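**Q** Kindly generate the corresponding structure for this input.
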Amino acid sequence: MSSSNSPLPPDKLLQAQNLAVGLTPDQAKWLAGFYAGIGFATGGAIDPTPAAGAKPPLTVLYGSESGNAEKLSGKIQKVADKAGFKSKVVSMGDAKAADLKKSENLLVVVSTWGEGDPPDAAIDYYEEFMGKDMPKLDGLKFSVCGLGDTSYEHFCKMGKDFDTRLEALGAERAHERVDCDVDFQADFDKWLAGAIDGLPSAAVADVATQAAVAPSTVEYSKTNPYEAEVLEKIVLNGTGSAKETLHLELSLEESGLTYQPGDALGIYPVNRKEDVDAILLATGLKANAKLGEQTLVEALETNFDITSLSPAIAMKYNGIVASKSLETAIAEKAAFKDWIWGRQLVDLIEAYPHKEWTPESFTSILRPLAARLYSIASSLKAHENEVHLTIAAVRYNSHGRDRVGVCSTYIADEISIGDKVRIYFHGNNNFRLPENNDTDVIMVGPGTGIAPFRAFVEERSANEAKGKNWLFFGDQHFSYDFLYQLEWLDYLEEGSLSKLTTAFSRDQKEKIYVQHRLIENGSEIWKMLEGGAHFYVCGDASRMAKDVHQALIDIAVEHGGKDAKEAKDWLSALRKEKRYQRDVY
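**A** Got it, this is the predicted structure:
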């Protein structure tokens, strides 16, 4: 709604909207009457009924990789509808960019993936949107919310690209873009209030209407995690393996929580004692110093990310330290990026020390300790009231110091059977089994990328699906690293798994990976895909997923008779049809 329609500043408007959440209709009517009474008593003219006239249309456009942008688009729609708009949510994976010509008002929420890339499902949309054939968008009013991670160089690049391009196409910015870090909720809420306020609106919903469409309260969520009991923890690798892969089983008994194959589970870790002690030693701060109602050591263990290091964190650090040498180092972007590689925050503190830290000043440079997401490795139909995960413990040495993955080693070293971990479910509608159980599926999941396909096969087995299930799995050694080997053999025997193709890279002189096995089986893969099969990939985004993508293009060229451009267009069409889905990280 425009500021002329709402006398409230954005923060007050958001408070008013949040106040309506959870009210019964009777409570909402009473509150509306209460405000009306205030208006009457003070000579005001508060009218609790919506203004007459058609609701202005609003397009809520999202591009999502892990599901955050998709969830936020739903929240935008609810708030916008309460504010008097007639909104529709559009996924970049299901639309054409040229259709924006038909929109009057637009709110965009888009995530940035990897090193400045669009979300997988938004690649084609982004290319069209940035292309020379994109029509002018005069008369369109817009605002953009970008989601990203400041530890990456191209922070929120997609949000910036959409914002700049929309303006270049003639659209009018209704509210300034916001670039959200991993802890995005507060920045998003502030942006949403301002964006709604900046758009023209012909109607304002009353409090009773807002209450009627208010979302139901979710008992457990990202902000209110469930404490799940550990039922089982097993190392899947054999003796002699260079890897440490854990199978974790958690109880959902009496939680009311559910999930689907393809979803992820968020786990909130605790920083290990060694890392907390190193930070305290480097800063000279006392463990028992108070920070709010906690001691500093308690806060560092559970509240803050004390290991991540990025140029953004270094700049915040130097905002307090005011080191000329650090300022010079940060200015040399390429060299500083190389210096940061493999280092953590404690290395920065030791290299550029500061002797006047307080608990408040030091923690002001830290990001919240975020949950880590893991692909779910189970189906509720096979394991009632349980969720299973496949987790690789990360351990390495860099610059003379032992480093670990915060969450993976929290699970590996600190958690035992009977302990509880804080969790929440993260839906992923971009990674779903076909609705038709007769549809064939091809799954490529090396290493811990096998996790969602264990869930897929369990689900398909429970559903007695008639479609074929072909699994490609790879790791280093057959003898040590064949994750869930006995389960796959059982599924092969019973027919739930139609075919299992493996690639163990270190069992012969020449390394063999899953993409090589795809090429070897190219003719059969082509026939299945032409027959309507769905193709899934899970695992490493930097190399494996790119190599598998190229293998599919090569298969289309060799067995489909296509040239390179036709093969790429064919693969893009599979993605749009949701027959080519990836869960990569």
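**Q** tell me the contacts of the residue nearest to residue 229 when sequence neighbours are not counted?
**A** Spatial nearest neighbour of residue 229, excluding adjacent residues (CB to CB, 6 or more residues apart in numbering): residue 251 at 4.5 Å. C-beta coordinates here come from the backbone N, C-alpha and C atoms, glycine included. If you count contacts by CB atoms under 8 Å, 6 or more residues apart in numbering, residue 251 has them with 228, 229, 230, 231, 385, 386.
**Q** pLDDT score assigned to residue 251?
**A** If you check residue 251, the pLDDT there is 98.
**Q** got the phi/psi numbers for it?
**A** Main-chain dihedrals, residue 251, degrees, to the nearest 10: phi -90, psi 140.
**Q** Equivalent analysis for residue 575, please.
**A** phi -60, psi -40.
**Q** quick one on the thing from earlier: list buried residues within the contacts of residue 251.
**A** Taking 16 or more other CB atoms under 10 Å as the criterion, what is buried in the contacts of residue 251 is 228, 230, 231, 386.
**Q** Spatially, which two of those residues are the most separated?
**A** 230 and 386 (11.0 Å; CB to CB).
**Q** Could you name every residue contacting both of those two?
**A** 249, 250, 251.
**Q** Distance to residue 379 for the residues you listed - can I get that in CSV?
**A** Putting these into CSV (distance: CB to CB, whole Å) gives the following:
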residue, distance to residue 379
249, 13
250, 14
251, 16
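**Q** Now do stretch 557-577, average pLDDT.
**A** The model assigns stretch 557-577 a mean pLDDT of 96.
**Q** For it, list every residue counted as buried.
**A** Result for stretch 557-577 [16+ other CB under 10 Å]: buried residues 557, 559, 562, 567, 568, 570, 571, 574, 575, 576.
**Q** Is the second one in a helix, a strand, or coil?
**A** The assignment at residue 559 comes out as helix when based on DSSP: H, G, I helix; E, B strand; the rest coil.
**Q** Relative to residue 524, how far out is it?
**A** Counting by CB to CB, to the nearest Å, the gap from residue 559 to residue 524 is 9 Å.
**Q** Does residue 135 touch residue 103 like I think?
**A** No - counting by CB atoms under 8 Å, residue 135 does not reach residue 103; the two are 11.5 Å apart.
**Q** who has more neighbours, these two?
**A** Taking neighbours as other CB atoms under 10 Å, residue 135 and residue 103 compare with residue 103 leading, 19 against 12.
**Q** Once you drop chain neighbours, what's closest to residue 397?
**A** Computed as CB to CB, 6+ apart, the closest residue to residue 397 that is not its neighbour in sequence is residue 403, at 6.8 Å.
**Q** quick one, phi/psi of that neighbour?
**A** Dihedral angles (degrees, to the nearest 10) for residue 403: phi -120, psi 160.
**Q** ok, now how distant is it from residue 239?
**A** 25 Å.
**Q** What of residue 126?
**A** Distance from residue 126 to residue 239, by CB to CB: 47 Å.
**Q** Over to residue 312?
**A** 43 Å.
**Q** Any idea how many residues pack against the closest residue to residue 585 other than its chain neighbours?
**A** Once flanking residues are discounted, residue 585 sits nearest to residue 541: 5.7 Å by CB to CB, 6+ apart. Neighbour count of residue 541, defined by other CB under 10 Å: 17.
**Q** from now on call the first residue 730
**A** In the new count, where the first residue is 730, that last one comes out as residue 1270.
**Q** The spatially closest residue to residue 842 that is not a sequence neighbour: what's it in contact with?
**A** The shortest distance from residue 842 to any non-neighbouring residue, by CB to CB, 6+ apart, is to residue 794 (4.8 Å). Going by CB under 8 Å, 6+ apart, residue 794 touches 840, 842, 848, 849, 850, 1159.
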